[in-house]
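Engineer: generate a structure from the sequence data that follows.
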Amino acid sequence: MPGMSIQWFPGHMHTTRLAMVERLKSGIDVVIELLDARLPASSANPLLATLTTGKPTLKLLNKQDLADAVRTEAWLVHYNAQPDTRALGLDASEPAPAARLLQACRALAPLRGGMVKPLRVLICGVPNVGKSTLINTLVKRKATKTGDEAGITKTEQAIALASDVTLYDTPGLLWPRITVPESGLLLAASGAVGRNAYDEQEVALGLLERLQAGYPGALAARYKLAAPEDADALAAWPADQLLERIARQRGYVGSGAVLNLQKAAEAVLNDFRSGAIGRVTLETPEDHAAWLAATAVREAERAAKKAAREQASKKGPRKGSRQAPDAA
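Structural biologist: Next up, the predicted model:
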């Protein structure tokens with residue numbers, strides 16, 4: 001749904017951005033960016049890319065056990081081809097990922113390490129991407145709060161990841177203006193955006209469209225909508241009719257046979273977030289490149305219209321138009 005605009009930048013995120021700038025000034029050797037493997041590029045913060053320009057980066061595709069394995073591999077190839085960047089997939093079932101992460105960080109900053117030059121690592125990501133859970137796994141204790149709500153962590157903390165490695169954890173950070181509407185949709189679907197910032201039915205409809213395009217069989221199986229051999233036909237259904245079918249199938253019907261579409265939308269979003277629909281990835285590198293190109297055109301048109309308005313305002317009122325007299 002390209003027309004959907006989703007924005008969420010609460011006050012603590014502005015504070016986080018300022019604190020991150022100061023932390024980077026004080027010396028950070030490697031930046032770990034935690035991404036959602038189901039929406040890798042949409043969960044990559046462009047603001048972070050600007051702040052950390054020139055810093056070696058480790059991109060962790062978290063929740064890969066919920067993502068499409070083939071598409072995850074394509075994203076790993078995409079990111080590993082970028083300079084000063086390494087990318088790894090991360091699985092919630094992996095009990096001890098610290099060794100792999102430390103090895104990757106040391107490879108990105110080979111001149112740091114040891115007590116004379118300890119390695120300083122900053123870990124960041126969008127809200128609800130699983131960062132706090134990862135850190136608790138890394139340090140083998142509950143170092144940070146976790147939850148399925150965006151914005152649980154609100155202050156920075158330093159954690160000793162090894163005797164010569166300090167990990168700086170930051171709160172989940174979005175960016176002030178999400179210009180790619182498809183990314184806004186996917187972020188909302190994943191739970192990275194606060195609930196008050198979007199309409200759950202609209203987001204569920206957009207999510208269903210993405211799933212219809214890539215995973216009609218998974219949809220048919222989850223909601224018992226069609227026989228396996230007829231699953232591809234789901235791609236042609238209007239998303240609103242599909243949501244209605246899900247509501248009927250689940251028995252979300254109120255008095256007067258009125259469908260409870262809100263409850264159906266919540267079920268679809270919860271099923272996606274928990275992995276109940278199956279292993280799905282909502283974007284490919286090619287998808288996101290196309291979205292960026294379309295956004296660049298829209299932003300250029302927007303800038304041109306703004307410039308035209310400003311130019312028109314400088315010329316003053318048109319000849320013959322009424323103008324209020326100057327105040328005495």
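Engineer: quick check: domain ranges of this structure?
Structural biologist: Split into domains by automatic domain parsing, the chain comes to 11-169, 199-274.
Engineer: between those domains, which gets the lowest average pLDDT?
Structural biologist: Lowest mean pLDDT of those: domain 11-169, a mean of 85.
Engineer: so how far is that domain from its chain's centroid?
Structural biologist: In this view, domain 11-169 has its centroid 14 Å away from the chain centroid, taken as C-alpha atoms, centre = their mean, to the nearest Å.
Engineer: do stretch 305-314 as well
Structural biologist: Per C-alpha atoms, centre = their mean, the centroid offset for stretch 305-314 relative to its chain is 35 Å.
Engineer: who's in contact with it?
Structural biologist: Contact with stretch 305-314 is made by no outside residue, as judged by C-beta atoms under 8 Å, 6 or more residues apart in numbering. Heads up, the C-betas are built off the backbone N, CA and C, glycines and all.
Engineer: that older thread, can you redo the domains of the chain as JSON lines with distance to Ala293 and mean neighbour count?
Structural biologist: JSON lines is the format used below for the domains of the chain (distance: least, C-beta to C-beta, whole Å; neighbours: other C-beta atoms under 10 Å):
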{"stretch": "domain 11-169", "distance to Ala293": "13", "mean neighbour count": "17"}
{"stretch": "domain 199-274", "distance to Ala293": "18", "mean neighbour count": "17"}
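Engineer: of all those domains, which one is nearest Val297?
Structural biologist: For Val297, the closest of the domains of the chain is domain 11-169, at 17.3 Å, according to C-beta to C-beta.
Engineer: quick one: closest of the domains of the chain to Glu301.
Structural biologist: domain 11-169 (19.8 Å).
Engineer: is the one residue sitting closest to the centre of the chain in a helix, a strand, or coil?
Structural biologist: Per C-alpha atoms, centre = their mean, the C-alpha nearest to the average position across the chain is that of Ser43, at 2.6 Å. Assigned with DSSP: H, G, I helix; E, B strand; the rest coil, Ser43 falls in the coil class.
Engineer: distance of the closest residue to it other than its chain neighbours relative to Ala74?
Structural biologist: Counting by C-beta to C-beta, 6 or more residues apart in numbering, Asp36 is the residue found nearest to Ser43 once chain neighbours are left out, at 4.2 Å. Using C-beta to C-beta, to the nearest Å, we find Asp36 at a distance of 15 Å from Ala74.
Engineer: what's the answer for Trp237, then?
Structural biologist: Look at Trp237 and Ala74: by C-beta to C-beta, they are 27 Å apart.
Engineer: got the buried residues for the helix or strand containing Glu310?
Structural biologist: For Glu310, the element it lies in under DSSP states H and E is helix 285-314. By 16 or more other C-beta atoms under 10 Å, the buried positions in helix 285-314 come out as Asp287, His288, Trp291, Thr295.
Engineer: next one: phi and psi at Leu88?
Structural biologist: Taking degrees, to the nearest 10, you get phi -130, psi 150 for the backbone angles of Leu88.
Engineer: how about the contacts made by it?
Structural biologist: Leu58, Lys59, Leu60, Leu61, Leu76, Arg100, Leu101, Ala104.
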